[in-house]
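J.: model this:
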Amino acid sequence: MRLLDEKRELLYVIRTFDVLMSSGVGLEAAIHTIGQGGYGIISEDFAGLMKRLRKGSGGGLDKQLKHLMKSAESPGYKRLLNTLYTNVTQNTDLVETLKKQGTRMEEERSEAVEKYIEELGGVPETLLSIGMIGPIILSIIGLVPQLMSGDLGSFMSLPDPAVISGVVNMGLIMTLVAMFFIGLKAHTKDPGL
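T.: Here you go, the predicted structure:
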């Protein structure tokens, strides 16, 4: 769950850092702003970081960022924290690095969405086919005993109506199960963006 939350919010956090720091806000103030909320687990992490800094426990900002890197799960979040840590320890050009990371994250998201769309290309047609055509065919099978009664019934022997009813009911259940698994497959491939 943490991994998905980090992936979902990371690009917004990077863009917020970019905007804040490009407008002259310092790193600690930007971390404090993001820690105020709106960015899920990342806001919680930064709020905890600022709380520990105010208490004076656990060292300075560099040590707190190092501590956060250990709890981060997504590679992008670890990269962001490493960038912030490098800026604190070596005074690098943070704004330019954040812009590059943001661009890379946008490209990764676009690729993930395109891949998801490609994988789901046939799902609507498959669901429509199974969900619409299957019950129609099964209802025709269910009507066969009534259609074949009378003169045709003596010409061909038909299975017992209870057997046909069982086949139709089982077919409808299998249709629902197949539709469920197709939908589940589509849901599990969701990139979570």
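
J.: next structured bit after whichever strand or helix holds Met69?
T.: Under DSSP states H and E, the secondary-structure element containing Met69 is helix 61-71. Helices and strands here follow DSSP H and E; after helix 61-71, the next one along the chain is helix 75-90.

J.: so what touches that following helix?
T.: 6-7, 10, 13-14, 17, 27, 31, 42, 60-62, 65-66, 68-69, 72, 92, 94, 97-98, 101, 105, 108 (CB atoms under 8 Å, 6 or more residues apart in numbering). For every residue, glycine as well, the C-beta is placed using N, CA and C.

J.: buried ones from those residues, can you make that a ChimeraX selection?
T.: Here is the ChimeraX command that picks out the buried ones among these, judged by 16 or more other CB atoms under 10 Å:
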select :6,7,10,13,14,17,27,31,42,61,65,66,68,69,72,94,97,98,101,105,108
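
J.: helices and strands of this structure: which one has the lowest mean pLDDT?
T.: The weakest-scoring helix or strand in the chain, judged by mean pLDDT, DSSP states H and E, is helix 151-155 (a mean of 57).

J.: who does the next helix or strand after that one touch, helix- and strand-wise?
T.: Counting by DSSP H and E, the element after helix 151-155 in chain order, helix or strand, is helix 161-188. For helix 161-188, the helices and strands in contact under the criterion 3 or more CB pairs under 8 Å, 6 or more residues apart in numbering; DSSP states H and E are helix 123-128, helix 134-147.

J.: any buried residues in helix 161-188, and which?
T.: The neighbour-count check on helix 161-188 (16+ other CB under 10 Å) flags Ile164, Val168, Gly171, Thr175, Met179, Ile182, Ala186 as buried.

J.: how about the fourth one, what does it touch?
T.: Think Thr175. Ile130, Gly131, Gly134, Pro135, Leu138.

J.: isn't the last one right next to Met174, touching?
T.: Which is Leu138. No - here Leu138 lies out of contact with Met174, judged by CB atoms under 8 Å, at a distance of 9.4 Å.

J.: pull the strand or helix carrying Arg54 out as PDB, backbone CA atoms only.
T.: Secondary structure assignment for Arg54, by DSSP H and E: helix 40-55. Extracted C-alpha coordinates of helix 40-55, given in PDB (Å, rounded to 0.1, in the frame of the first residue of the first chain):
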ATOM      1  CA  GLY A  40      -0.400  11.000   1.300                       C
ATOM      2  CA  ILE A  41       2.400   9.000   2.900                       C
ATOM      3  CA  ILE A  42       5.000  11.500   1.700                       C
ATOM      4  CA  SER A  43       3.300  14.300   3.700                       C
ATOM      5  CA  GLU A  44       3.300  12.000   6.700                       C
ATOM      6  CA  ASP A  45       7.000  11.200   6.300                       C
ATOM      7  CA  PHE A  46       7.900  14.900   5.900                       C
ATOM      8  CA  ALA A  47       5.700  15.900   8.900                       C
ATOM      9  CA  GLY A  48       7.500  13.400  11.000                       C
ATOM     10  CA  LEU A  49      10.800  14.600   9.800                       C
ATOM     11  CA  MET A  50      10.000  18.200  10.700                       C
ATOM     12  CA  LYS A  51       8.700  17.100  14.100                       C
ATOM     13  CA  ARG A  52      12.000  15.300  14.800                       C
ATOM     14  CA  LEU A  53      13.900  18.300  13.700                       C
ATOM     15  CA  ARG A  54      12.000  20.600  16.000                       C
ATOM     16  CA  LYS A  55      12.600  18.300  18.900                       C
END
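
J.: that's all I had, so thanks and see you.
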